[in-house]
Each structure stands twice: as structure tokens, then as C-alpha cells.
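S.K.: Sequence and computational prediction follow.
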Amino acid sequence: MRKPSVIILSGYGLNTEEETKTAFELAGARARIVHINDLIARPSLLDATQIAVVPGGFSYGDDTGSGNAYGNRLKQHLGRTLERFLARDTLMLGICNGFQILTKAGILPGALIANNNARYTCRWADVEVAGESPWLGGITRMSVPIAHGEGKYYAPPAMLAELKKNNAIALAYAEGETARHFGLPFNPNGSLENIAGVTAYDGRVLGLMPHPERAVRFTQLPHWTLVREDYARAGKKLPTKGPGLQLFRNAVKYFA
Amino acid sequence: MTYRISVSSKVDDGRARVFLRTLQNAFPKSGLTATSFVQVYAIDAELTPEQAQEAAERFTDPLIESYGIGEIPLPREYTFAIEIGFLPGVTDNVGHTAREMIEDLTGRTFVQGEDVYTSGVLFLRGEVSAREAEGFARELHNPLIERASVFARGDMIPLVVPKVRLGQTPAADIVDLEVSDAVLMRISKEGIAGRGPLALPLASMRAIRDHFKRLGRKPTDIELESLAQTWSEHCKHTIFADPIDEVREGIYRRYIKGATKKIRKMKGRKDFCASVFTDNAGAIAFDKDYLVTHKVETHNSPSGLDPFGGSVTAIVGVNRDCLGFGLGAKPIANTYGFCVGNPLDQREFYRDESRTKSLLPARRILEGVVKGINVGGNQSGIPTPLGFIVVDDSYRGKPLVFGGTVGLIPRRLPRTALGSKKKIALGKRAYEKRARPGDLVVMLGGRVGLDGIHGATFSSVELSKGSPATAVQIGDPITQKKFSDALVREARDRALYTSITDNGAGGLSGSVGEMARESGGCEIALEQVPLKYPGLAPWQIWLSESQERMTLAVPAKKWPELKALFESRDVEATAIGRFTDSGRVVVRHHDKIVLDLSLDFLHDGRPVHKQKSKKPRKGKMRRAPQAPAASFGNSLLKLLACPSVGSTSFVAQQYDHEVLGSSVTKPLQGRGLVNADAAVIEPLASSAKGVVLSHGYAPWYSQLDTYAMAAASIDTAVRNAVCAGAHRDHLAILDNFCWSSSDTPERLYELKEAARACYDTAVAHGVPFISGKDSMFNDFRGFGAQGDAVHIAALPTLLISAIGVMPDASKAMTLDFKRPGDLLYLVGETHDELGASAYYAVRDARGGVVPQVFARKNAKAYDALTKAIDAGLVASAIGLSRGGLSVALAKSSIAGQLGARIDITKAAKKLPAEAFLFSESQGRMLVSVRPDACKRFEQRFKGVPFARIGEVVAEPMFSVTHSEGSIELPLAALADAYRSFFKNW
């Protein structure tokens, strides 16, 4: 299988590029981390790339609004480059702060505002696949961690209707394994219609608040030591992979 | 030209909601019904009106926000408005980002004097009086760093530009030390011309005077300040270093370093230490290619004044200790600890007799320090898998704020630069460094202002009315993140520098002074140092503790490459001098020499202070009479409701512990989300190895015996680590002593005893100290609400942080009961040791003996557990600590959301049930085991005391049968009590 080439942006406080790179490599892609200023200096780097990722983090400390300053920088210096990139049959992913950045840069619709509890929240949640996207094939539900202060999805009514019409609501928080296990509310932030992720460009661009890259290993699961007991008692071998990996495998498969 | 841009939310606004919640909680009787919030940007820069409008558009997301330029748009309905902004010179991170956005937009860098200043305006709705609004303003701001103004409905809100204007001539002053001892001491206490304490003892002041007399000249202010910083208790750890009684080499060398030396010798070829005590952090082997480092710092005094700023700085500061280890370790985990007064305590304290400078309420201190690590840790993208809160009245005067950082560093630099064939440094050791004569002195990161001046000397004294406001700094995690990425991902592996250290206490004077020892001297041109604003005197530039700075030694031929790299990462790097081998530190300011000191005098000129200790008189008290057996259940519920025992989940849930994808065991474990005392991370995706972190502390025991306190702290840290899956033969520890009144002979005696316990216990367990820190004056001297003199001394506190490496992270263990039918074992011996226990605290009882540590015996039990865990025989394990067996049982039950049926009548033997249930005897663990593994489990515990005490049950009931009756409680009652104290936080 031909390995697709992935560029993961970094800089100004993005901070999940390394685990994102690991997840893509586990899935069989060639991934490299590129500082946004290096991409601004050499936009042609994107020409030989199939997948572009804006990972999670705390770009510019969320000052002036989460994702705002980085989103503006992206739009001003790389707006045309990204347009060209997306005109090809490519994939793009925005995780957490990357999702916020892509909304501020005008690539994904909507906005992410402060969680209902008005506090940074780190826990696991369950999402179900609601829309269609090359990123999501073969996934119906998955448990993934979230870690954000401004992850509550917002879109005005007309935009929401448009999203629905285009089947662009990709992921929704749903009552599932981890929320039930810990007795936590399934919608962790008060998102409109439980929206956890949306798509654009016919599903090729996906933005999501949860972190699938932190759910690629069995021992990342929040209750794996309990599951281990069940495996031990049943005399079964422990799994090694986590539920988030499929998303990255899908991206690799898309270019196979 | 000054523009004012106001941005308001059009949709549900989270910030307004936080303000409303805060105010309604703090003022439950007020008529406040709603708030709205406007973010204000005051832009003091040459912009065209079109550019200002474009900036406003960029600050605004039109989907959810709207903006105005000029007057702040007033809402139709409100009673009062409160504007809160920063005082001049205080770090304004949002302003910093706004400025960068404008620079990006215009393509023009701001010139000196141009800047963006932010503030927030909160509009209040509901029936609120002017007096109430003033009260709200006081609740919402900290006058040491912020300004707040209240405006009645309809009042214009004036534009404020808090620009720093220093009306001084920036030159060095000469100080006359040919004065009486009394005047010398006044200079030491109040500082040169009242600038803030030098905090030197008379003998040191005399030594400086005599030194300059020999030189035939008078010292400059910068020389005197520099010596005070370098010789401070904070930097030289004088109390630990100087002789005390018969311990001539000092307690640090004998007991702490001595223990490590002995253990490493005993271990021989199995020694896993790589770097101990010499660098900014300690390091042990991770595998054949990598080391892991650990360092824990405290930031107590600043956190007492500005809890938020102090705590951000605590964590980003210790991150720099990690970055400054060897040639730079990558931070991979943060830890925290807060020792605070009871947040429900309403008592008022003042720093001055006229009662104008009040201490912040205990609740706000805790809120602030929690938020500080939230911002500092989360924004830096470093996971926080472990931490704790201790609540005790003795921390009301000065909180203890611990921040720790674990790092990962390759043993050797790569042989070739990434993506190039050029050979670099041929695999030079990454954990060693040495500045060479001729290397440039390069300052990296933020600019220098008045922030944090006198931080090092200030933390060496008590918190009192003279505490300088400039001792407070606010961290800027993003500036640090930018250079952190560039350092450990790029510059280090391209071998662009030969040495690096953090600018922490004492600023440049500390970092450059320290690195100059590597090469043998340095020459600095202070006017090269980039400043936040003009007008700083030379001594201020040299001593400033402005945050987010590192100092590098850069070979001249690498300088262009390094400078270009950092420029491309938007990080300022400035050459400010050269390292030399002249044996001197020479500092110039515009060609005038303002400091010229020999390295010898600077580092070793401090006169040794012979300390004498005295055993305090403490009468032994018989243990309190036993409570009726019927009260045990209620006592257990009370224990679980204690803030030092119960859940602090609100903290773990707001600290990212998943970032970097390395989390293996979580800070909150089991269905019931119970706080763990250890965490396992898997730092390298390519390796199955895990790093185990744990903590141990028992400050309460200091009331009776500091030897027992220190021994218990170490034993607890080891036990917690082992219960999570650590191996004792690959486990190291760090010590953080936080003492009080350390200039009294009685406290010194207690310190010596604690240090002796450190040696004994560490050696018995074979766990070497690899790094440590001490903070000796955690005292508050001030005044109560009636103007009465008050002295609050923190309990002598020792935090032990353990770090170990386990071969297979998938063997990691958690504390939650897993399945009904699993059998419960209590490992270790219980004694009648209720002295200073949590149980006695909730009963308000006195007397008794504190738990003793029998480390060699305990070690055997720990090793047996390790073997059982590795063999897959253990379902859950928890170390017994505060609250004893009863609390451990309850925690594992709550975590597993499973009941337990216990019978201790046989196991307790002759011990009264009260002691068996609540005694905090060390060396004990509660373990659950699936039935078919019991036999094999028990085989591994031959020669170790253990007892089978019951089983896990599905029914949500908790029952403990003992010799005098039984405790019967529904699981829900335990869980409610456990979660009660911080429920609404």
C-alpha cells in the first residue's frame, strides 16, 4: 500500500502534534510536523501532501478567543495555499484547538464557545457517527477523551439547517460506554444538538473536539485495568489497540 | 494615537457566567441577577483608522461577537459597571497576543512604547447597591496586580493606558558599607535606600564590607544586590549547607547526599542514577537510549500574595528547570501540591498593623492556585497526572504551592542533524553541559521588566508588610511553549549551544553567575538586554525575574544559525555578552563597569554560619480514651468529608492529563473517580516501559515528631508507587522541605531529626534522592481582625515525590475494586498509632503515638506486592495512609462502585477495633485478588504479615464486623461524604 503523506502543523502553542503523528504512523502514513512559519515560508510543501492536520493545543493561549489568532494567521498567510490544497482530492483534519482554528479561518462552519460548566474539562466521552466522511468509514460509535474549555458547538439556525441538509454534522455526543461507566452526562459541554464534529468539502475536511489520537492504545482507555481483569478471568489475551485508531486508518485507506 | 476596541458576545457568554457564579457564591444575599462582559483592547500605537477597524474585525468572530471602536457600548439595562485592568508593568498575555495579531496584520513591528493593554468591563444587572458593587470589585481583582473601578449606570468609562513610566536615571549607585553594625543590618533588612530586603545575616554583611575594603573601593548597588541573591537562603540553602551541632558537613551533605552516595555504592552495577543534585533536575535511566528527569519546586511566598500568578509561575518555572537539565529535557508530565488554609475559614488577617493590607481570604487563595496550574499546565501542553491538596490552619498565613516536572532526554545527541548529512557533535552526551570561554551569553524568551525583583531574597524571609509587590510575576506559558518546542526539538539536536540554564531566582545574576562557573568567568553588556520599557537601573536588569527566559552559551560560529532558528519561531534571542576564563564576573552598562566580582568571592565568599539546635520540650501524652464503637461509622463518614482525605476531583478534571497521549493510569480512578496517589505514564510510543510517579507527605505528624513525619513521607511515597506497579529497585525520590521559623534552635532540631529520618528510611528502602529543594520560612507575621499580633507558622512539611520506571506499563495497577467475589487482603502490621491521625483530628482528640516506620520490614512487603502485580495476580491495590484501613476500604469501594463485606475480628488480634480501623501505621496495603489467584498470591507473601479480611460484594453495602460490633453503611453514603467538601467547586 502506498503511504500517504501527512503534514501536521505546529507552533504558537499547538501541542498535540506528536501524538497525532504517532497515530498516523500507527495507521500506516508518513507524517511530519511542520511549523506554520516554515509552511508560510515554503507553501509548496503542501503540494506533495495528501493530508493536512491542524492538531490540538492552546494556540496563543486562547487569547482573543480560542483558535482566533492562529486562524487569522492561517487565513492571511496560507488562505490561497489551503484553497489550492483543498481543490485537489485531499483530506484535512482539525482536532480540538485545530477545529477551533479551522472555524476561525473560515474553512469549517460554526463556532466553539465556552463549555456550559465554563471550565476547562478533561474526561472521556462517547460519540456516534452522524454524517458521512472519508474519515469515519466503519465507525458507528467510539469512546474518546476530550480536553477543552471552549468546545460547545454553536451555529445560528440557518447554518445549522444547512449543515443538516449537507449531512455535515459528522459526530454527536451520545450515551455510550464511558459516560455510562462513570455516570457522567453524555454531552460534556452543552454543545448544540450534541455536536462534537462537523465536516466541509464533501466530508473531506473534518473538525472535531474530541481527541481520537489519544485513544489509539488499549492502555489509554480510562477503565482498561477493569477490562484487563475481565480478559484475565476469561483467559483471553489483552487487546493493544484503541478505538480512535480507525479514524486514522480510514484516512490512509482513502489514498490506497 | 490610542484606539479602544470593545468586543461583546452576541450569544451565551461563558465568561459572564463565571462572573455571575463567582459573585452569587460569594454574595449569596445580593440581588444580582445577571452579568454581561465586554473585552476591551486599548491600542497605544501608530495605526490608521482603517487598520484599527481591521484589527477590531480580527478580534471578533462575527458569528458570536460584535465590536465597537471608541466609547464602550453600554447595555440598555444595568445598575453598575466594574472595569478591571492590569496595573502598569503587569504581564498582559491577551494584550500580547492582540499586539502580535496587529503586527501580523500591518506587517510592522511595534516600536518601543507602543503596546496593547486589555481590560474587562462587567455590567451588573439586578438590585445592586454601590456598596455591593464595590464589594464585588474587591472580590474580583487583586490590588497588587490589578486596578478596578466601579461606574454607576450611564457613567462614561474612561480610557486607561497603563503604560510604565519610570522617572529614574538608569545608573548604578555606590553604597557605603563603612557604617555601624546596626546600619548594616538596616540595609540588609530594608534594602539599599529601602528597595527591598537583602536578607543577609550580619556576618555576611560584614564579609562584604571587608571584601571591598581590601579592594579599596565601595561596592555598587548591583554588586551588593548580586551578592545578596547569590548568597540567599533560597539559592545557597544555607541552613541545609552550614554546620549544625555535631554535623559539621551540614545536614544536606550528611543525610541527603549521603544517603544517595551510600545507596549508589550498595547498588553497584545496578545503579540507575544518571545525574543527581548537580543540575536543574535529577535524572535516572529510562532505557538504554533515554533518561527521565524530575524536579519539584515550591513557590510559596508569591502565591500568598497573588495565588494565580504565583502558581502559574510555579509550574512554568519548574518546566524551565526541566528544559534547563543537561542540554534540555522535554517536559512530559507536571505534578502539583497545594497546602492551604481551610477555604471555609472566614478569619481576616492583615500584613500591617493599621489593617489596610489584608491577606486574601483562604478560599480565594485556593481558587487562585488551582487556576494557576490550570492555565500554566494546560496551555503548555504538558499532562498533569498527579497532585494533592492538604488543608490545615497552619497554612493560612502562607500557602505551600508545589510544582513538579518530569522530563525525557536522550542520553546522546543524534550523530547527524535531522534531514542533513552533516555530522554534529558526534553523539555528544545530552545530559552534560559546559559553557566554554568565548561562547556568547544568549538570553532567550521574554523581555525584562521590574517583575519579580527580590524574588530570591523575598522567599528567604517571612511574609510581612514589607513584602514587595514586584515580587509577583505572572507567567506567559505560550511564550515559553514557543521556545520550549524550538529548544528540545530543534536547537538541542543541532548542537547549537554548549550549555543552558533557566532564569529563575535572581534572574540573569543567578543564571549567568552559575554558568560562568563552567567556563571560569563572563563579561556582560547590560544595555544589550531587551527591556519591556525604558528606565530600568542596571541592578534591576541584572536581578529581574521576568518570566519565560533561559540563558544559553552559544559558540560564536553557531550564533547566526541559532538566531535565525529562534527568529523563525517568533522567539527573541539576544547576545548579551561572552563567557570568559578570567575568574571574574564583569558587568558593563554602556561601557561603564558596574559590577566586577571574582567568581570565588561571589560563590564561596559567604561566611559559614554555625547553627545550634535544641531539642524542643514536648511532653508525651497518653492516647485519648476510646470512642464508643457505635460512633465508628459516623467517624468514617466525617473522615471522608475532610478536605485532605476526600475527593478533589474538580482539580483533576480541569487539568489535562491526556495530552501527549501518554496516560496509562488516571488521576481519578474507577467508576467512582477516586483520587489516586500515584500515576503511570508511557512516555514513548515506541517503548512499553512506564514511568511511575507518586507522592508521600504527613505534615500532621510534625506536631509530635518530625523524624516520624519524614520517615512516613518516604515510606508512603514508596508504598504509593509500588501499589501502582513500580519496582523498588528502579525508584528514586525527591525531597521538598517546607519549614517555618527555621532560625529557632527548636525548629532546627526538628529539621535535623527529619533529615536523619530521610537518610535512614531512604537507605533502608534503597531509594536514592536525586534532587531536592527547601523553603525555610513559611511563616506569616501580621495582625488579626482586632489588630492583635499574629504569627502563623506552617507545619514542618516534607513532600517526597517518587519517580520509577516499570518494564511494562500494561502491568500498571489501579485502586478500584474490580469484581464482586474478589478477596481482600491487608498486607503489613497494624499498631496502636493514632497520634496526630486524621481520626483524632475529626474526634478532636489528643495524645497517642505517631506511626513509626520499619522500612526494612516494609520493603519486604512491597517487593512481594510487586511480584504479585507482575504475575497478574492483583486486581486492585491501594496504600494505607491518611485515615488508615477504614478510609482505604472506603476509597476502593467508592472507586469500584462495589460493596465490601469485611471482618477484622481475627486480623486485629488483641488490638482495639478503633486502632485497627483508624490507625495510620505505615507499610500497609489493601489488595483485592480474584479467587482463583488467591493461592498463588499468598505464596508470594511468605514471611510478610498479611491477613485476609473479607471480600468485594455486588450489593452496594459496606459492612465491617469488628470485636465490638460492626459498621454498616450504604455505599452511596460513603460516596456522598467522600465528594462532599469540594462538591460545588
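M.R.: Sure, I can see it. As the structure is a computational prediction, the values presented were derived from the model and not from experiment. Residues are numbered from 1 along each chain as shown, chains lettered A, B, ... in the order given.

S.K.: Contact residues of the stretch 51-200 of chain A facing chain B?
M.R.: A:56-58, A:60-65, A:68-69, A:72-73, A:76, A:104, A:110-111, A:113-115, A:118-123, A:145, A:147, A:149-150, A:152, A:154-156, A:181-183 (Cβ under 8 Å from any Cβ of the partner chain). For glycine as for every other residue, the C-beta is placed from the backbone atoms N, C-alpha and C.

S.K.: Of those residues, keep whichever come out buried.
M.R.: A:56-58, A:60-65, A:68-69, A:72-73, A:104, A:110-111, A:113-115, A:118-123, A:145, A:147, A:149-150, A:152, A:154-156, A:181-182 (16 or more other Cβ atoms under 10 Å in any protein chain shown).

S.K.: Give me the subset of the residues you listed that lies in helices.
M.R.: Using DSSP state H, the subset of those located in helices is A:68-69, A:72-73, A:104, A:181-182.

S.K.: okay, the residues you listed in a markdown table with pLDDT next?
M.R.: Formatted as a markdown table, these follow (pLDDT from 0 to 100):
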| residue | pLDDT |
| --- | --- |
| A:68 | 97 |
| A:69 | 97 |
| A:72 | 97 |
| A:73 | 96 |
| A:104 | 97 |
| A:181 | 95 |
| A:182 | 95 |
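
S.K.: can you pull the contacts of residue B:611?
M.R.: Taking Cβ atoms under 8 Å, 6 or more residues apart in numbering or on different chains, we find residue B:611 in contact with B:239, B:242-245, B:748.

S.K.: neighbours of the nearest residue to it once chain neighbours are set aside, just the number please.
M.R.: Beyond its immediate neighbours in the sequence, the residue positioned closest to residue B:611 (Cβ to Cβ, 6 or more residues apart in numbering or on different chains) is residue B:244, lying 4.2 Å away. The number of residues packed around residue B:244, counting by other Cβ atoms under 10 Å in any protein chain shown, is 24.

S.K.: how much space between residue B:244 and residue B:708?
M.R.: 20 Å (Cβ to Cβ, to the nearest Å).

S.K.: excluding its backbone neighbours, what's nearest residue B:938?
M.R.: Going by Cβ to Cβ, 6+ apart, residue B:938 has residue B:946 as its nearest residue, at 7.6 Å.

S.K.: how about residue B:952, what does it touch?
M.R.: Residue B:952 touches B:817-824, B:893, B:896, B:898-900, B:928, counting by Cβ under 8 Å, 6+ apart.

S.K.: ok, residue B:397 touching residue B:351?
M.R.: No. Residue B:397 is not in contact with residue B:351 according to Cβ atoms under 8 Å; the separation is 9.9 Å.

S.K.: Of those two, which one has the most company?
M.R.: Using other Cβ under 10 Å as the criterion, residue B:397 and residue B:351 rank with residue B:397 on top: 25 against 21.

S.K.: Please name the bridge partners of the residue nearest the centre of chain A.
M.R.: In chain A, the centroid-proximal residue (Cα atoms, centre = their mean) is residue A:95; its distance is 3.0 Å. Here residue A:95 sits in beta bridges with residue A:208, going by DSSP bridges.

S.K.: picking that back up, helices - which of the contacts of residue B:611 land there?
M.R.: B:239, B:748.

S.K.: what's the most distant pair in the contacts of residue B:611?
M.R.: B:239 and B:245 (12.8 Å; Cβ to Cβ).

S.K.: Out of those two, name the residue with the larger neighbour count.
M.R.: Remark: of residue B:239 and residue B:245, residue B:239 carries more neighbours, 24 against 15, as counted by other Cβ under 10 Å.

S.K.: what pLDDT does that one get?
M.R.: On pLDDT, residue B:239 comes in at 93.

S.K.: Then residue B:367?
M.R.: 95.

S.K.: ok, now residue B:421?
M.R.: 60.

S.K.: Share the number of residues neighbouring residue 49, please.
M.R.: Picked chain A for this. Counted with other Cβ under 10 Å, residue A:49 comes out at 21.

S.K.: that's the other chain; I wanted chain B
M.R.: With other Cβ under 10 Å as criterion, residue B:49 counts 10.

S.K.: hang on, residue A:191 packs against residue A:153?
M.R.: Yes. Taking contacts as Cβ under 8 Å, residue A:191 lies within contact range of residue A:153: 4.3 Å.
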